[in-house]
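> Please find the sequence and the predicted model below.
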Amino acid sequence: MKNNYKLLKEKVKKKNSKDVFFIFLAFFIIVLFYFLPNPEGLTHNGQIMIGILIMAAILWITEPIPLAVTGLLVMIIQPLFNLRTPSDVFSSFGSNAVFFLIGAFIIAASIEKHGLHRRLALRFLSLFEKSPRFFTFGIMISCAVLSFIMPEHGVAALFLPIIVSILIAMKIVPKESNFGKISMLSVAYGCSIGSLGTLIGGARNIYTVDILQQAGISIAFFEWMIYAMPVVIISLPLVWLVLQFSFPIEINDITAAKKEINKQVNKTGRISKDEILVLSILIITIVLWITFSSTVYYGLAVISILGSILLFFTKSINWKDVENRVPWGIILLYGGAITLGIGMQGEELGGTGAGEWIANGFFNIAGNNPLIVIFVMIIFTVLLTNIMSNIAAVAILLPIGLSIAGTMIDISPLLSSMIIALTGGLAFIFVISTPGNAITYTSGYYSTKDLLKAGFLSNVICIFIIFTIAIIYWKGFLGI
């Protein structure tokens, strides 16, 4: 007991030392960029903004302080260095996209409160009971579909206990069974891929829409789905095949799984009035998003808040539920990401022009061939999103992508933004890459080596999927 306590103490001490080092390194970068002479074509303010970008990247990757706190730091450090006024910085935080997120999170909280998400998940799974392989595909499809109407981390947290209870009923041994590995990885990867499909799935999606709106490009709810759904539809079966190839399933019978699902379905009982009410408000909100989100007076945020207020009027949710269930940290992280993006934009858009300078450097590496530039953009995004928060990775790369589009005729701002936003959701390799990976890893059914093995192959395939869709569908067919 004494030795365990000593080891824990040393571990904590070591972590604290690392945290102090990374905090010092992050601030040292800012000071260094403040005093260094400006390279040709970059203003002093632009150089400091790049320093803030690197500082944010270090803190978001190493997490010596919470991600949300780094978001706040990004906000306040810009007026401290006289890059933007406080009113400009904080007004960015009050964007339409922030209020869309708040409304969407409140709706998701009400779905969770009344157990509607669990009922939907079990009903979906009951459709895939024919064979072990088909069942794992059902897990992935179910997670993806629920990620269309809920944030991906919420879906992963919901499915974890359901799948664990099924695996226990089947007497599946953690880390020894390929069926157990695939089942858990199907949850993680299904949530990640599904989160691309609609604006609700991931904060990076609505962040992209918001940044594009500031550049004069509007994307409606249904329009996003037109761009994103082909990626989801193609990626799901191919990534599932990667899992089957990586971990050949060793069982043939899933009778125990069927019994466990039926048992849990019976436990949920008949659908309650509260669930029907919440489901009705959800459907109304989605229909309004699809039909009216492109209009000037409604928009995504207004409809999102309207849907959440209806839940309060009908007593489907109370403020205590919102306090306990809404991830406020993501909203703060998001606010910092918005201000970072605006700060990187051109001076005519209220930024420092740092993004344009980086874009020019990017061309020196990738050349002026649009196919090479698109491919390199995808690779950069995959590398970054695997080692840090998705929204943070997109926040760092999106302003650079927009700057590339601004200086290259064959790549539009919309095309570069969709490439970065959707690639930014495909983080399969490390435990820290997404909440879905982290949540399912805690089950103990797969190792970090298993994640690396399946994740590397999945990422390689998805790189080519995004590249093909970008060239043939977005650029060729839709003409964006």
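It's in. Numbering: from 1, shown residues only.

> Low-confidence ranges, the stretch 201-350 of the chain, go.
Along the stretch 201-350 of the chain, segments meeting pLDDT under 70 span 293-298, 348-349.

> so which strand or helix has residue 426?
Per DSSP states H and E, residue 426 falls between elements, in no helix or strand.

> Which neighbouring residues are in contact with it, exactly?
192, 193, 196, 235, 382, 385, 458, 459, 462, 466 (Cβ atoms under 8 Å, 6 or more residues apart in numbering). Using the backbone N, CA and C atoms, a C-beta is placed for each residue, glycine as well.

> any idea how far residue 149 is from the fourth one?
I take that to be residue 235. From residue 235 across to residue 149, the span is 19 Å (Cβ to Cβ, to the nearest Å).

> and if you look at the second one?
Taking Cβ to Cβ as the criterion, residue 193 is separated from residue 149 by 15 Å.

> Also the third one?
Here residue 196 is placed at a distance of 14 Å from residue 149 (Cβ to Cβ).

> Which one of those two is surrounded by more residues?
A direct count of neighbours by other Cβ atoms under 10 Å for residue 196 and residue 149 places residue 196 higher, at 29 against 24.

> Run through the helices of the stretch 1-150 of the chain in chain order.
Counting by DSSP state H, counting those that start in this stretch, the stretch 1-150 of the chain has these helices, from start to end: 2-35, 44-62, 67-80, 86-93, 96-113, 116-125, 132-146.

> In a markdown table: those helices, plus distance to residue 251 and mean pLDDT.
Listed next are the helices of the stretch 1-150 of the chain as a markdown table, based on distance: least, Cβ to Cβ, whole Å; pLDDT from 0 to 100:
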| stretch | distance to residue 251 | mean pLDDT |
| --- | --- | --- |
| helix 2-35 | 37 | 79 |
| helix 44-62 | 39 | 90 |
| helix 67-80 | 39 | 91 |
| helix 86-93 | 51 | 83 |
| helix 96-113 | 32 | 86 |
| helix 116-125 | 17 | 86 |
| helix 132-146 | 5 | 93 |
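
> Of the ones you listed, which is nearest residue 359?
helix 44-62 (11.9 Å; Cβ to Cβ).

> mind saving the C-alpha coords of the closest one as CSV?
Taking C-alpha atoms only, helix 44-62 is exported to CSV below (Å, rounded to 0.1, in the frame of the first residue of the first chain):
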residue,chain,number,x,y,z
HIS,A,44,4.9,42.3,-36.4
ASN,A,45,1.3,41.6,-35.4
GLY,A,46,1.1,38.7,-37.8
GLN,A,47,4.3,37.3,-36.2
ILE,A,48,2.8,37.5,-32.7
MET,A,49,-0.4,35.9,-34.0
ILE,A,50,1.6,32.9,-35.3
GLY,A,51,3.2,32.8,-31.8
ILE,A,52,-0.3,32.6,-30.3
LEU,A,53,-1.2,29.8,-32.8
ILE,A,54,1.9,27.8,-31.8
MET,A,55,1.2,28.5,-28.1
ALA,A,56,-2.4,27.2,-28.5
ALA,A,57,-1.2,24.1,-30.3
ILE,A,58,1.3,23.3,-27.6
LEU,A,59,-1.3,23.7,-24.8
TRP,A,60,-4.0,21.9,-26.7
ILE,A,61,-1.7,18.9,-27.5
THR,A,62,-0.1,18.5,-24.1
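
> tilt between it and helix 67-80?
170 degrees (axes from the mean of the first three to the mean of the last three Cα atoms, to 10 degrees).

> list the buried ones in helix 44-62?
Neighbour-count burial for helix 44-62 flags 45-60, 62 (criterion: 16 or more other Cβ atoms under 10 Å).

> Tell me the helices and strands packed up against that helix.
Packed against helix 44-62, as judged by 3 or more Cβ pairs under 8 Å, 6 or more residues apart in numbering; DSSP states H and E, are the following elements: helix 2-35, helix 67-80, helix 328-344, helix 354-366, helix 390-407.

> so which of those helices is the most packed in?
Most buried of the helices and strands packed on helix 44-62, by mean neighbour count (mean count of other Cβ atoms under 10 Å): helix 390-407, with a mean of 26.

> Show me what it is packed up against.
helix 44-62, helix 203-214, helix 328-344, helix 354-366, helix 370-385, helix 413-423.

> now residue 333, nearest residue through space, not along the chain?
residue 71 (4.1 Å; Cβ to Cβ, 6 or more residues apart in numbering).

> my guess is the one you found contacts residue 330, does it?
No. The criterion here is Cβ atoms under 8 Å, and residue 71 misses it with residue 330 at 9.1 Å.

> Find me the pLDDT at residue 427, would you?
The per-residue pLDDT reported for residue 427 equals 89.

> if I look at it, how far off is residue 354?
Distance from residue 427 to residue 354, counting by Cβ to Cβ: 25 Å.

> out of the helices and strands packed on helix 390-407, nearest to residue 249?
helix 370-385 (27.7 Å).

> From the chain's centroid, how far away is that closest one?
When distances are taken as Cα atoms, centre = their mean, to the nearest Å, helix 370-385 is centred 17 Å away from the chain's centroid.

> can you check stretch 346-363 too?
25 Å.

> Pull up the distance across it, start to finish.
This stretch, stretch 346-363, spans 17 Å end to end (Cα to Cα, to the nearest Å).

> Stretch 187-207 now?
24 Å.

> How about residue 42: what's its closest non-neighbour residue?
Counting by Cβ to Cβ, 6+ apart, the residue nearest residue 42 is residue 357, at 4.5 Å.
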